[in-house]
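**Q** Show me the folded form of this:
(2 chains)
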Amino acid sequence: MSRLYTQDHEWIDVAGGTATVGITDYAQGQLGDVVFVDLPDAGRQVAKGGEAAVVESVKAASDVYAPVSGTVTESNPALADDPSLVNTAPEGDGWFFKLTLSDASELDGLMDKAAYDAFVASL
Amino acid sequence: MADDADLNILPLDALHRRLGARMVPFAGYAMPIQYDGIIAEHSWTREQAGLFDVSHMGQLLVEGADLAAVAEWLESLAPGDFKALQPHRVRYSLLLADNGGILDDLMVTNTGKSFYLVVNGATKQADIAHMMARLPAGITLHHMVDHALLALQGPQAVTVMSRFDLVPETADQPAFADLKFMAGARYHWNGVLLGITRSGYTGEDGYEISVPAAQAEALAEALLAHAEVKPIGLGARDSLRLEAGLPLYGHDLNPEITPVEADLSFAISKRRKMDGGFPGAARVLDQLLNGAPRKRVGLAIEGRMPAREGATVWAGDRQVGVLTSGGFAPSLNAPIAMAMIETPLAGDGTALEIDVRGKRIAARVVPMPFRQKNYVREGNKP
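**A** As a prediction, this is how the structure comes out:
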């Protein structure tokens, strides 16, 4: 399944019942230099649209929301050593966390890449 | 947040946009927050020279036929020894309310025939109203709205400025090469009269340059033409001043905080400590003698997670203070903060905890500046 996007600039890759979540290149550009990411622990329940992580730039802290509801299975250990991966590889090695979906129908409202790119262009 | 349409536009607005700045609302103006990125700009200023547009700040000229009378009046507003401030010297001072609370912090230069004040952008209108309400006959206050203010900061600032042909306005003013830290004078450059002080807000050597608005872009372009100079935004200005331990008005300082609580007692001149006569002197001098209930301190934070303004500070299960500024220090590669802490727990080395989103993180009171300043003072080797 291809990548989907939220209006809050998170992306989600779904494979079967699990998914990987991160923030988009547009989002990292807006945040600037990322110096820390406060990631959810494995086992934490997150709700669609609810706070799931906090990304800290030099200047400010910004919430990252869960694109769908589910249970966190793993957060990206590489971000502890090198939070700047969020800037250099936001849609790759700079992923935030993985989760198991509790309701796959929540994916229906998310944007595909073409829709997200159009959304960003409208901002 | 103000609509972009409501924002005031500064003289260098077009230049900032041409240089690729991200513009944000600040103190009622559209201001550049960053160009290349805060960490790159911060490091550049520490190693080379950064050009800052601080034209949102208020530039005021206080004049009168009798300069001693002007100094006397300023001493009724702020605790500096302005009568003893020599021509072409600069002092940091504090505009105080009648209860000793800090209304603003400012720089005061004796130009030889007037006093030149630089006040904060967000407070300048209130400052002007405060001063106008107390202005005696024979003294005038002029808001230099037709002037921009640039800052060139960093170890290469002196090298760059020395390449400019700067001629002192009058023979009694120091040659540019002799201008040391916290000194200032006026210089002709290319037919433009510049007011230059060797001062700044980064902890680095450097200059603040007052320039007529119509010539501001030409000066900024002339500075940026040097390989050592890059434009720096407000984001890095904040991280640089935080590392330097310099307070930011509206955050670390406000009308509820006295100079002693702010740990700015150095701004109360020796003669004023003995004689008083400034607003709130009774309370402030009592705090100097007997201590204040709380104090602005620096905090080193364990780990990598920054703590921000407003986060609460704890000793065990008791809240003992609050963060007034906090962020990531690029030159230290670690989070740091300033906090207002109950005085018994404000001693260097005291272990405390900060609540960040419900998590307790370990912090320790440390001396400021967090990073050694690089000023070129009178008597320093060049």
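**Q** Then B:A71 would be within a helix, right?
**A** Yes - under DSSP: H, G, I helix; E, B strand; the rest coil, B:A71 sits within a helix.
**Q** Which pLDDT does the model give it?
**A** With respect to pLDDT, B:A71 scores 98.
**Q** so what's it up against?
**A** Residues near B:A71 by Cβ atoms under 8 Å, 6 or more residues apart in numbering or on different chains: B:82-83, B:85, B:110, B:115. Using the backbone N, CA and C atoms, a C-beta is placed for each residue, glycine as well.
**Q** Just give the closest residue to the residue nearest in space to the middle of chain A, not the sequence neighbours.
**A** For chain A, A:G22 is the residue whose C-alpha lies nearest the centre (Cα atoms, centre = their mean; 2.6 Å). In space, A:G22 comes closest to A:W95 once its chain neighbours are excluded; the distance is 4.2 Å by Cβ to Cβ, 6 or more residues apart in numbering or on different chains.
**Q** Also B:L10?
**A** Using Cβ to Cβ, 6+ apart, the closest residue to B:L10 is B:S55 (4.6 Å).
**Q** Thought B:N8 was touching the one you found, still the case?
**A** No - assessed by Cβ atoms under 8 Å, B:S55 is found out of contact with B:N8, at 10.0 Å.
**Q** Those two: who's more crowded?
**A** B:S55 (22 against 15; other Cβ atoms under 10 Å in any protein chain shown).
**Q** Contacts only, for the more buried one.
**A** B:10-12, B:29, B:147-150, B:213, B:216.
**Q** So which of the residues you listed are in strands?
**A** B:29, B:147-150 (DSSP state E).
**Q** Alpha carbons only: can I get the top helix by length along chain A in PDB?
**A** Looking across chain A with DSSP state H, the single longest helix is helix A:113-121. C-alpha atoms of helix A:113-121 as PDB (Å, rounded to 0.1, in the frame of the first residue of the first chain):
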ATOM      1  CA  LYS A 113       0.700  12.000  -2.400                       C
ATOM      2  CA  ALA A 114      -0.900  14.000  -5.200                       C
ATOM      3  CA  ALA A 115      -3.600  15.300  -2.800                       C
ATOM      4  CA  TYR A 116      -1.000  16.200  -0.200                       C
ATOM      5  CA  ASP A 117       1.300  17.900  -2.700                       C
ATOM      6  CA  ALA A 118      -1.700  20.000  -3.800                       C
ATOM      7  CA  PHE A 119      -2.600  20.700  -0.200                       C
ATOM      8  CA  VAL A 120       1.000  22.000   0.500                       C
ATOM      9  CA  ALA A 121       1.000  24.100  -2.600                       C
END
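**Q** Buried by neighbour count: which residues of it qualify?
**A** A:116, A:120 (16 or more other Cβ atoms under 10 Å in any protein chain shown).
**Q** does any bit of that helix sit next to chain B?
**A** No - counting by Cβ under 8 Å from any Cβ of the partner chain, no contacts exist between helix A:113-121 and chain B, the nearest distance being 15.6 Å.
**Q** now that helix, how far from the centre of its chain.
**A** Taking Cα atoms, centre = their mean, to the nearest Å, one finds helix A:113-121 lying 16 Å from the centre of the chain it belongs to.
**Q** Next: stretch B:201-210.
**A** Its chain's C-alpha centre and that of stretch B:201-210 lie 9 Å apart, by Cα atoms, centre = their mean.
**Q** now swap in stretch B:346-353 and tell me
**A** The chain centre lies 26 Å from the centre of stretch B:346-353; the measure is Cα atoms, centre = their mean.
**Q** Just the buried positions in that stretch, please.
**A** Neighbour counts over stretch B:346-353 (16+ other Cβ under 10 Å) mark B:346, B:350, B:352-353 as buried.
**Q** Show me what that stretch is in contact with.
**A** Contacts of stretch B:346-353 (Cβ under 8 Å, 6+ apart): B:294-295, B:297, B:299, B:313-315, B:320-321, B:341, B:345, B:360-367.
**Q** send the alpha carbons of it over as CSV?
**A** Listed in CSV are the C-alpha atoms of stretch B:346-353, where the atom choice follows Å, rounded to 0.1, in the frame of the first residue of the first chain:
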residue,chain,number,x,y,z
ALA,B,346,19.6,29.4,43.6
GLY,B,347,23.2,28.6,44.6
ASP,B,348,25.6,27.3,42.0
GLY,B,349,25.5,23.5,41.8
THR,B,350,22.0,23.1,43.4
ALA,B,351,20.3,20.0,41.9
LEU,B,352,16.7,20.7,40.8
GLU,B,353,14.1,19.1,38.5
